[in-house]
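[1] output the structure for:
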Amino acid sequence: MPRHARSTAAVALVVAAGFGLAACAAPSGDDADGGTVTFAIEGGNIANGHMNPHRTQLDSSAMVLRNVFDSLVAQNQDGSFSPWLAESYEVADDGLSYTFTLRDDVTFSDGEALDAEVVKANFDHVIDPETTSFRAAALIGYNTEQPEDSAYREAVVVDDRTVRFEFDRPFAPFLSGVATPFLGLYSPASLELDQADLAAGSPEATVGSGPFVLTEYVPDQELVLERNDDYAWAPEGAEIGTAQTLDIRILPEASVRNGALTSGEAQVIADVLPTDVDQLGDAETEVWELPGVPYSLYLNVNRGALQDVRVREAIARGIDVEADVESVYGEGYPRAWSALTSTTPGYDAALEGSWDVDAAAAEALLDEAGWTGTDAEGFRTKDGERLSVEWVAWTPQPDDAAALADLIQQDLAGIGVELVRSVVEPAEYNARYGPKEIDITDWSFAGTGGEVLANHLRTGGFQNASAVSDPSLDAILDEAAASTDPAEQAALYEQVQQWNAEQWAIVPLYSPARITASSSDVEGLSYDIYGRPLFLGVSV
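    Numbering: from 1, shown residues only. Modelled structure (predicted):
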């Protein structure tokens with residue numbers, strides 16, 4: 001996975017085998033015993049029902065919950081898989097089943113043992129309508145909006161240590177999904193609790209088999225995790241550190257996180273802005289160029305003026321993407337050209353340079369679409385109606401995202417489009433997002449391959465904010481998900497990107513990077529394939 005480390009001091013980067021971790025050597029001696037690592041994150045939305053890995057779609061939740069929940073397998077940096085809670089697995093020749101043999105020595109932090117019934121209960125929980133699963137269900141090929149259209153069928157207990165997952169059609173990304181924190185396994189006692197309790201999170205509810213145990217949780221402020229001293233089932237190649245306590249502080253403002261690191265109040269910080277890296281003194285920084293969907297605007301193809309592809313294209317061409325992104329982030333985030341980032345397998349490089357800011361072309365498209373009038377404030381009109389679209393985001397909104405939105409709003413005003421920005425509480429956002437009563441929204445989305453496009457563009461996809469429903473596009477995405485040939489997959493995902501380049505459901509803006517900074521006091525910090533920091537091997 002593309003990445004680089006930098007520091008104002010010398011930096012050594014070692015890639016460990018097995019779990020595919022970029023990590024430092026473990027310390028030795030009395031000074032390595034115990035200690036607390038304070039980890040500061042943005043994390044402002046975790047408290048809004050995002051403590052259940054089976055329900056949330058947030059990377060910030062995955063970053064926190066990985067410390068508590070283990071997975072059946074681990075995915076290495078080269079994309080291969082290593083045993084974890086499962087000591088082995090087998091994929092059927094027809095791709096319609098995956099069979100896992102479990103370790104016999106795993107216990108959850110509440111003392112309950114892992115067996116096949118527990119695994120089945122967890123996966124049944126993911127597809128239970130009451131869970132209202134988002135990302136987890138999609139990662140195993142289950143369509144929560146249209147269950148009858150799912151690839152995933154069920155989990156079957158073969159014996160105490162063997163579980164088989166069955167499918168109605170091949171779903172090649174299954175192992176990648178199973179390896180994520182979103183498919184981490186709960187203790188069976190936790191699964192007996194109410195969905196609201198799991199979503200809210202607590203030491204009693206958030207119980208897994210991971211290297212740390214949640215002992216204190218103050219929403220929007222702090223999570224305290226203590227080392228699981230019985231932990232003995234780490235993935236192959238992963239070392240276990242000696243830090244006793246992981247104190248996760250939620251600090252939404254980037255400047256506050258930076259200050260916590262430079263003052264020594266925190267040893268590790270996440271969500272560093274590229275423009276802030278040089279302000280962190282001797283801190284070591286890890287920069288991971290994320291694969292997946294770039295930070296983009298999602299235009300609802302079924303809402304008002306956006307139903308006209310000419311209006312959608314005019315909006316795309318009316319934004320000075322390169323200048324706006326550079327104004328906010330400097331040269332830290334490259335401008336995006338496609339619905340996949342350039343680091344994602346299947347990226348269509350032919351789209352580079354295929355579109356750019358062009359106010360004249362945008363205005364011609366709007367004229368052609370019939371928006372030829374002008375009101376007293378200079379916005380375009382048609383049949384007495386102003387050309388106005390609403391961009392809905394949720395709180396807390398980072399300062400950098402707000403600054404970029406201001407620039408885009410100014411750009412579109414220049415071609416006569418009123419962009420109304422609404423920043424709402426998560427509950428209101430979700431209430432509007434469900435029925436797709438949103439014109440435009442925004443995010444980036446990490447994924448290890450082009451299959452992430454199915455979440456965003458397939459009928460019923462849980463991230464399909466553009467409300468796209470195109471049977472021919474669905475067929476291409478299903479064919480790609482069933483294929484195990486990388487070349488065939490790439491060709492199919494290029495077709496999907498070309499479709500988007502013609503339909504403008506997704507307007508890509510920039511390719512984000514996940515930047516983490518740490519002090520020299522920390523050793524053994526490692527990263528998963530998505531660039532999320534892992535604290536399993538940490539010592540201070």
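[2] and the residue of the chain positioned farthest from its centre, helix, strand or coil?
    Ranked by distance from the centre of the chain (Cα atoms, centre = their mean), the top residue is Ala376, with 42.7 Å. On the three-state scheme (DSSP: H, G, I helix; E, B strand; the rest coil), Ala376 is labelled coil.
[3] I figured Thr101 hits Asp159, correct?
    No: using Cβ atoms under 8 Å, Thr101 is not in contact with Asp159, being 9.5 Å away. In short, each C-beta sits where N, CA and C put it, glycine included.
[4] neighbour-wise, which of these two wins?
    When Thr101 and Asp159 are compared for neighbours, Thr101 comes out ahead with 17 against 10, by other Cβ atoms under 10 Å.
[5] report the beta-bridge partners for the more buried one.
    Beta-bridge partners recorded for Thr101 (DSSP bridges): Ser88, Thr162.
[6] got a list of what it touches?
    Ala86, Glu87, Ser88, Tyr89, Arg161, Thr162 (Cβ atoms under 8 Å, 6 or more residues apart in numbering).
[7] that one and Asn122, how far apart?
    From Thr101 over to Asn122 the distance is 17 Å, taken as Cβ to Cβ, to the nearest Å.
[8] again, but for Tyr98
    Tyr98 is 15 Å from Asn122, by Cβ to Cβ.
[9] and stretch 135-151, average pLDDT?
    Averaged across stretch 135-151, pLDDT comes to 93.
[10] could you do stretch 42-58 as well?
    On average, stretch 42-58 scores 93.
[11] that stretch: end-to-end distance?
    End-to-end distance for stretch 42-58, by Cα to Cα, to the nearest Å: 12 Å.
[12] so which residues of the stretch 101-250 of the chain form strands?
    152-159, 162-167, 212-218, 222-227, 245-250 (DSSP state E, counting those that start in this stretch).
[13] include distance to Val256 when you put those strands into CSV, please.
    Below are the strands of the stretch 101-250 of the chain laid out as CSV (distance: least, Cβ to Cβ, whole Å):
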stretch, distance to Val256
strand 152-159, 42
strand 162-167, 43
strand 212-218, 17
strand 222-227, 14
strand 245-250, 9
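[14] any idea which element Gln57 lies in?
    Secondary structure assignment for Gln57, by DSSP states H and E: no helix or strand.
[15] count the neighbours of it for me.
    Neighbours of Gln57 (other Cβ under 10 Å): 18.
[16] could you double-check that it sits in contact with Gln463?
    Yes: with contact defined as Cβ under 8 Å, Gln57 counts as touching Gln463 (7.2 Å).
[17] picking up where we left off before, and the residue farthest from the centre of the chain, how far from Arg386?
    For Ala376 relative to Arg386 (Cβ to Cβ), the value is 10 Å.
[18] try Leu183
    46 Å.
[19] and the two? Which one has more around it.
    Leu183 (24 against 17).
[20] surely that one is in contact with Ser71?
    Yes: applying Cβ under 8 Å, one finds Leu183 in contact with Ser71, separated by 5.9 Å.
[21] okay, helices next: where are they in the stretch 251-400 of the chain?
    Counting by DSSP state H, counting those that start in this stretch, the stretch 251-400 of the chain has helices at residues 254-263, 309-318, 321-329, 359-368, 399-413.
[22] tell me how many other residues crowd Ala465.
    Ala465 has 23 nearby residues by other Cβ under 10 Å.
[23] for it, give me phi and psi.
    Main-chain dihedrals, Ala465, degrees, to the nearest 10: phi -70, psi -20.
[24] so what's it up against?
    By Cβ under 8 Å, 6+ apart, the contact set of Ala465 is Tyr298, Asn300, Tyr433, Lys436, Ile438, Thr441, His456.
[25] so of the residues you listed, which ones are in helices?
    Under the assignment DSSP state H, the contacts of Ala465 contribute Tyr433, His456 to helices.
[26] may I ask which of the contacts of Ala465 has the most neighbours?
    Most surrounded of the contacts of Ala465: other Cβ under 10 Å gives His456, at 26 neighbours.
[27] which residue packs closest to Tyr333, ignoring adjacent ones?
    Excluding the flanking residues, the one nearest Tyr333 by Cβ to Cβ, 6 or more residues apart in numbering is Tyr510, at 4.2 Å.
[28] my guess is that neighbour contacts Arg335. True?
    Yes: between Tyr510 and Arg335 there is a contact at 5.8 Å, judged by Cβ under 8 Å.
[29] these two: which is more packed in?
    Tyr510 (23 against 17).
[30] now stretch 46-61, how far from the chain's geometric center?
    11 Å (Cα atoms, centre = their mean, to the nearest Å).
[31] how about stretch 496-510?
    The answer for stretch 496-510 is 19 Å, by Cα atoms, centre = their mean.
[32] that one: which residues count as buried?
    Buried residues in stretch 496-510, counting neighbours by 16 or more other Cβ atoms under 10 Å, are found at 496-501, 503-510.
[33] quick one: those as JSON lines, columns for secondary structure, pLDDT and distance to Ala323 too.
    Shown next, in JSON lines, are the buried residues of stretch 496-510 (DSSP: H, G, I helix; E, B strand; the rest coil; pLDDT from 0 to 100; distance: Cβ to Cβ, whole Å):
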{"residue": "Val496", "secondary structure": "helix", "pLDDT": "98", "distance to Ala323": "28"}
{"residue": "Gln497", "secondary structure": "helix", "pLDDT": "98", "distance to Ala323": "24"}
{"residue": "Gln498", "secondary structure": "helix", "pLDDT": "98", "distance to Ala323": "26"}
{"residue": "Trp499", "secondary structure": "helix", "pLDDT": "98", "distance to Ala323": "27"}
{"residue": "Asn500", "secondary structure": "helix", "pLDDT": "98", "distance to Ala323": "23"}
{"residue": "Ala501", "secondary structure": "helix", "pLDDT": "98", "distance to Ala323": "21"}
{"residue": "Gln503", "secondary structure": "helix", "pLDDT": "98", "distance to Ala323": "25"}
{"residue": "Trp504", "secondary structure": "coil", "pLDDT": "98", "distance to Ala323": "20"}
{"residue": "Ala505", "secondary structure": "coil", "pLDDT": "98", "distance to Ala323": "24"}
{"residue": "Ile506", "secondary structure": "strand", "pLDDT": "98", "distance to Ala323": "20"}
{"residue": "Val507", "secondary structure": "strand", "pLDDT": "98", "distance to Ala323": "15"}
{"residue": "Pro508", "secondary structure": "strand", "pLDDT": "98", "distance to Ala323": "16"}
{"residue": "Leu509", "secondary structure": "strand", "pLDDT": "98", "distance to Ala323": "12"}
{"residue": "Tyr510", "secondary structure": "strand", "pLDDT": "97", "distance to Ala323": "12"}
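[34] among the residues you listed, which one sits closest to Gly210?
    Using Cβ to Cβ, Tyr510 comes nearest to Gly210 of these, at 33.2 Å.
[35] mind listing what that closest one touches?
    Pro294, Tyr295, Val321, Val325, Tyr329, Tyr333, Pro334, Arg335, Ala336.
[36] the helices in the stretch 51-200 of the chain, which residues?
    Going by DSSP H, counting those that start in this stretch, the stretch 51-200 of the chain shows helices at 59-65, 116-127, 135-139, 174-178, 188-191, 195-200.
[37] out of these, which is the most enclosed?
    helix 135-139 (a mean of 27; mean count of other Cβ atoms under 10 Å).
[38] counting contacts, what elements does that one pack onto?
    With contacts defined as 3 or more Cβ pairs under 8 Å, 6 or more residues apart in numbering; DSSP states H and E, helix 135-139 has these neighbours: helix 116-127, helix 174-178, helix 452-457.
[39] understood, closing this out.
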